[in-house]
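# test case, fold it:
(2 chains)
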Amino acid sequence: MVKKVVTIKNKTGLHARPASEFVKKASTYCSDIILRHKGKEINAKSIISVLTAGISMGTVVEICAEGPDEKESVEGLSELIQSNFGE
Amino acid sequence: MMKGVAVSPGIGIGKAFLLIEPDIRINSSRIESECCEEELNRLNTAAEVSQEQLKAIYKKALERMGRKDAEIIKAHIMILEDPFFMDAIREKITSSQITAENALKQTIEEHVQMFKEIEDPYIRERAADISDVGMRFLKNLLGISFQNLDDIEEDIILVGYEITPSQMAMLDRKYIKGIVSETGGITSHTAIIARNMDIPAVLGVSGIMEVIKENQLIAIDGYKGIVEVDPDSDRRKELFDSLARKNAIRKKLSWLINAQTRTRDGKQVELLGNIGKPDEALEALQKGAEGIGLFRTEFLYMDRSTMPDEEEQFEAYKKAAAVMDGRPVIIRTLDIGGDKEIPYFNLPKEANPFLGWRAIRVCFEMKEMFKAQLRAILRAGAFGNVRLMYPMIATVDEVARANSILEEARQELRERGEAFDEQMKVGIMVEIPSAAITSDHIIKEVDFFSIGTNDLTQYTLAVDRMNEKVSSIYKKFSPSVLRLIKKVIDVSHNEGKVTAICGELAGNPEACLLLLGLGLDEFSMNASSIIKIRKIITSVDFRQAELISKRAMELEDAVQIEEYLLQELKNLGLDYLLEL
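The predicted structure is shown next:
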């Protein structure tokens, strides 16, 4: 399993457009990917889970992936978060 | 005849097409464990069918509604692909041994509830998306056929309890002559899409589904918010003729959209639009507005459960400023109270709300909220020609008080190092007689006046327009109000400043000659009136208007004044504009 801790820095958080971009990207990997946040585990491939998790600006989350492309998926998703979704 | 909220202008006549919510029966009995596999297969098939439908709708939506509105459909597709949602249904089928439709229905309800409990208004509204897509999924699962909106090939008026964005996406603009629904208001998705698609719409018509029958002829007036059932042949002809005449007049005047507003002898005035949301700025521009004369910010605070913060407001104001591209945008600070209620403010019920705690009076007490709005407006000023306006000012010391809070807001922005307009022009709404009477004092503290004629009339005549017993006392051309208007204009001109009117009077063709003659500098109105007012102003001489206003001001009765102004409009051959 590969893990990485990242901080959400874009203004709207994982919300609206950024949330769907994040989920779309997560769905391109075949590994199981979850976000850990405040003891909760959020399925990164589920728009409903991500939206209802209420991940706002400044939130620290841990991306955890397990599967054949676990390394690439954690890297790809943390890059997307660090790009601030173009905001 | 029934009344609702006019949300998208125009007149439409057609057969009623009723969007019927099917009676969905769920088989809630337990199933044998060996049947689970079959239920899971049914579920998958229905999910695939729904996805295919939505993909086709998305394609159409892109053509018909544009990328932004089409994104709503994209979100629906994502919900059907969501493993969390789909697994929840599958889990119910296998562990509780229930039918696919029962599992689906329960899952939809749970998810809708989950979204509804979230504080953030954006996320909470997604509950509607879950029910919309969930209903499609459920119908496909049960083999309930959809009313095919795509195959409509005659003029219809769409009537429903609620009309969803995915239904709107199916509409072929050619045959849909109007939209009527029981629910929804001016800021609903349906309203916004209807305006973007240029379809007349009247929403919030309570009881309409019980009154109207399939294929019954109905006529809707999206200007006035009226729905007529079974208009007889004379009435139909009347409506068709009036529609045709209106279209012909609009077509003939369309060249004026991009013209300047100058009288034949060279006097120039400005015609501005009134808006409630930043998206309406573009619409105003396309209808010929030379700026925004009134941005009613209370709409940003409505239909939600928490206050918009500084950032959100800043984005909204900035957007309007950017769209207007250097043309003036006058932003009025929050005007709530009176007839405009916002639940989360918890304003106390008052015996006389119009004389009570409203607008600037509320803002003085809720200073942090007020300052957040002022900072947002000041910052938007860095991105366009933004001006600030305080509502409900009665006395000169209130202006000083508001300005000192404004200075605090400026200081906070300086400390934050934020870009904003240091020189922003500040004005007031003149809507309380006291402000008009002491306008000579107030003008020294402000850069401009904007007269709110609706409230000024009701306060001057002490008449509640909503009270049928006295509403006949309310007259548009009351001499007392006209004198106040004249005084305010003269006072501002003496100081080398300007006066606007942002009430209904500004878009009234009969009032136009009078107001022009009184020297009014800016007319701010519902953007769809701009073209007719521009036609009148560009057709006359300023000197002629001055004479007309002088005569009108000598008359002692509101009805006489109205008749006289109408006569002058007729003499100029411009009375046909009254029909627009």
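
# ok, now which ones touch the residue in chain A positioned nearest to chain B?
Nearest residue of chain A to chain B, counting by C-beta to the nearest C-beta: A:Ser46, 3.4 Å away. For glycine as for every other residue, the C-beta is placed from the backbone atoms N, C-alpha and C. When contacts are counted by C-beta atoms under 8 Å, 6 or more residues apart in numbering or on different chains, A:Ser46 touches A:Val23, B:Asp82, B:Pro83, B:Phe84, B:Phe85.

# do the same with B:Leu104
B:Leu43, B:Ile89, B:Gly134, B:Phe137, B:Leu138, B:Leu141.

# for the third one, give its distance to B:Cys35.
Look at B:Gly134 and B:Cys35: by C-beta to C-beta, to the nearest Å, they are 23 Å apart.

# identify the residues contacting the spatially most distant residue from the centre of chain A.
Here chain A reaches farthest from its C-alpha mean at A:Pro68, the gap being 18.0 Å by C-alpha atoms, centre = their mean. With contacts defined as C-beta under 8 Å, 6+ apart, A:Pro68 is in contact with A:Cys30, A:Ser31.

# what's around the residue of the stretch 51-200 of chain B found nearest chain A, how many residues?
When scored by C-beta to the nearest C-beta, the stretch 51-200 of chain B has B:Phe84 as its residue closest to chain A, at 3.4 Å. Counted with other C-beta atoms under 10 Å in any protein chain shown, residues neighbouring B:Phe84 total 17.

# check which helix or strand covers it.
According to DSSP states H and E, B:Phe84 maps onto helix B:83-96.

# quick one: contacts of that helix?
By C-beta under 8 Å, 6+ apart, helix B:83-96 touches A:43, A:45-46, A:48-49, B:30, B:36, B:39-40, B:43, B:47, B:79-80, B:98-100, B:102-104, B:106-107, B:110-111.

# for the residue of the stretch 51-200 of chain B closest to chain A, which non-adjacent residue is spatially closest?
A:Ser46 (3.4 Å; C-beta to C-beta, 6 or more residues apart in numbering or on different chains).

# per-residue confidence at the one you found?
Reported pLDDT at A:Ser46 in the predicted model: 92.

# can you check B:Asp303 too?
Reading off the model, B:Asp303 has pLDDT 65.

# contact residues of the stretch 301-450 of chain B facing chain A?
With C-beta under 8 Å from any C-beta of the partner chain as the criterion, the stretch 301-450 of chain B meets chain A at residues B:Glu311.

# what about the stretch 301-450 of chain B, any weak spots by pLDDT?
B:303, B:339-340 (pLDDT under 70).

# closest point of it to chain A, which residue?
Counting by C-beta to the nearest C-beta, the stretch 301-450 of chain B gets nearest to chain A through B:Glu311 (7.0 Å).

# related to what we said a few turns ago, compare B:Gly134 and B:Cys35 (neighbour count), which wins?
B:Gly134 (22 against 13).

# my guess is the more buried one contacts B:Ile108. True?
Yes - between B:Gly134 and B:Ile108 there is a contact under C-beta atoms under 8 Å: 3.6 Å.

# so how far is A:Ala53 from the residue of chain A closest to chain B?
Counting by C-beta to C-beta, the gap from A:Ser46 to A:Ala53 is 10 Å.

# using the three-state scheme, assign the nearest residue to B:Gly338 once chain neighbours are set aside.
Of all residues not flanking B:Gly338 in the chain, B:Arg358 sits nearest, at 4.7 Å (C-beta to C-beta, 6+ apart). State at B:Arg358, reduced to three classes by DSSP: H, G, I helix; E, B strand; the rest coil: coil.

# would you mind listing where chain A has pLDDT under the threshold?
Using pLDDT under 70, chain A has no residue that qualifies.

# switch to 80 and redo it
Counting by pLDDT under 80, the ranges of chain A that qualify are A:12, A:15-17, A:86-87.

# how about the residues of it that lie near chain B?
So chain A meets chain B at A:11, A:15-16, A:20, A:23-24, A:27, A:43, A:45-49, A:51-52, A:54 (C-beta under 8 Å from any C-beta).

# I'd like to know which of the residues you listed are part of helices.
A:Ala16, A:Ser20, A:Val23, A:Lys24, A:Ser27, A:Ile47, A:Ile48, A:Ser49, A:Leu51, A:Thr52 (DSSP state H).

# of those residues, keep whichever come out buried.
A:Ala16, A:Ser20, A:Val23, A:Ser27, A:Ile47, A:Ile48, A:Ser49, A:Leu51, A:Thr52 (16 or more other C-beta atoms under 10 Å in any protein chain shown).
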